[in-house]
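Asker: Fold the following for me, if possible:
(2 chains)
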Amino acid sequence: DQQVKQNSPSLSVQEGRISILNCDYTNSMFDYFLWYKKYPAEGPTFLISISSIKDKNEDGRFTVFLNKSAKHLSLHIVPSQPGDSAVYFCAARPITYSGAGSYQLTFGKGTKLSVIP
Amino acid sequence: DTGVSQDPRHKITKRGQNVTFRCDPISEHNRLYWYRQTLGQGPEFLTYFQNEAQLEKSRLLSDRFSAERPKGSFSTLEIQRTEQGDSAMYLCASSLVQSNEKLFFGSGTQLSVL
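Answerer: Just a heads-up that it's a prediction; the model follows:
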């Protein structure tokens, strides 16, 4: 069962416009969320994260929004650039029963973003 | 900062053979992780070390898999009696204690079992 779901396998956006990548999760124990970007033949690279106590985190052109009641998060890229073309993975970390963060990240299947010049 | 290094980049083996992969983390990182990624899927957690201690293992890690991190530096992942279902990208990542969510990944080892 997929605990982290990225329902759009691909997304195409014109350069300069906004890219919105979506992610849904089912596990109520997730307390920390991350986005990773992956280019072909490279490992994923960390992009931005958000704690469950926040609803928004911004870093330059990248903003992540978290809606806990809907168990939904989204990554906004504004403005989109051709270099942003990559696969984007949403990931989540559960809090353990002891209250500490687990070290296991659960990843979605990824969304391939293509930014068209 | 030379990043996380993995060797080899590609490995082709026959079913039933044993294979070993190596990971060199970023030097000051004391946490090291192994993930596996198959086609069309996101990375799946396999195991995690803090220094030389293996602290978490996924149920995906069958008894044919063994990971070590002697002296808390580099790590090896061995797969014994490989099966075709083991074909995947094996990713290593490392992190600092104070930012354990921010993982730095290597480029991975692509394993193909024929």
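
Asker: Not counting sequence-adjacent ones, nearest residue to the residue nearest in space to the middle of chain B?
Answerer: Centrality entry for chain B: nearest residue to the mean C-alpha point is B:W34, 3.3 Å, by Cα atoms, centre = their mean. Nearest residue to B:W34, sequence neighbours excluded (Cβ to Cβ, 6 or more residues apart in numbering or on different chains): B:L46, at 4.2 Å. For glycine as for every other residue, the C-beta is placed from the backbone atoms N, C-alpha and C.

Asker: Now find how far off-centre the lowest-mean-pLDDT helix or strand in chain B is within its chain.
Answerer: Lowest mean confidence among the helices and strands of chain B (mean pLDDT, DSSP states H and E): strand B:53-57, at a mean of 86. When C-alpha coordinates are averaged (Cα atoms, centre = their mean, to the nearest Å), strand B:53-57 and its chain have centres 13 Å apart.

Asker: Show me what the following helix or strand past it is in contact with.
Answerer: The helix or strand immediately downstream of strand B:53-57 is strand B:65-68, counting by DSSP states H and E. The contact list for strand B:65-68 (Cβ atoms under 8 Å, 6 or more residues apart in numbering or on different chains) reads B:34, B:46-47, B:49, B:54, B:61, B:75-80.

Asker: at 7 Å what do you get?
Answerer: Strand B:65-68 is contacted by residues B:34, B:47, B:54, B:75-79 when judged by Cβ atoms under 7 Å, 6 or more residues apart in numbering or on different chains.

Asker: Tabulate those residues in CSV, adding columns for secondary structure.
Answerer: Shown next, in CSV, are the contacts of strand B:65-68 (DSSP: H, G, I helix; E, B strand; the rest coil):
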residue, secondary structure
B:W34, strand
B:T47, strand
B:Q54, strand
B:S75, strand
B:T76, strand
B:L77, strand
B:E78, strand
B:I79, strand
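
Asker: Filter those down to the buried ones.
Answerer: Neighbour-count burial (16 or more other Cβ atoms under 10 Å in any protein chain shown) applied to the contacts of strand B:65-68 gives B:34, B:47, B:54, B:75, B:77, B:79.

Asker: How much space separates the fifth one from chain A?
Answerer: Put plainly, it is B:L77. 15 Å (Cβ to the nearest Cβ, to the nearest Å).

Asker: Farthest-apart pair in the contacts of strand B:65-68, please.
Answerer: Farthest apart among the contacts of strand B:65-68 by Cβ to Cβ are B:Q54 and B:I79. That separation is 15.9 Å.

Asker: thought A:R93 was touching B:E101?
Answerer: Yes. A:R93 is within contact range of B:E101, at 5.9 Å (criterion: Cβ atoms under 7 Å).
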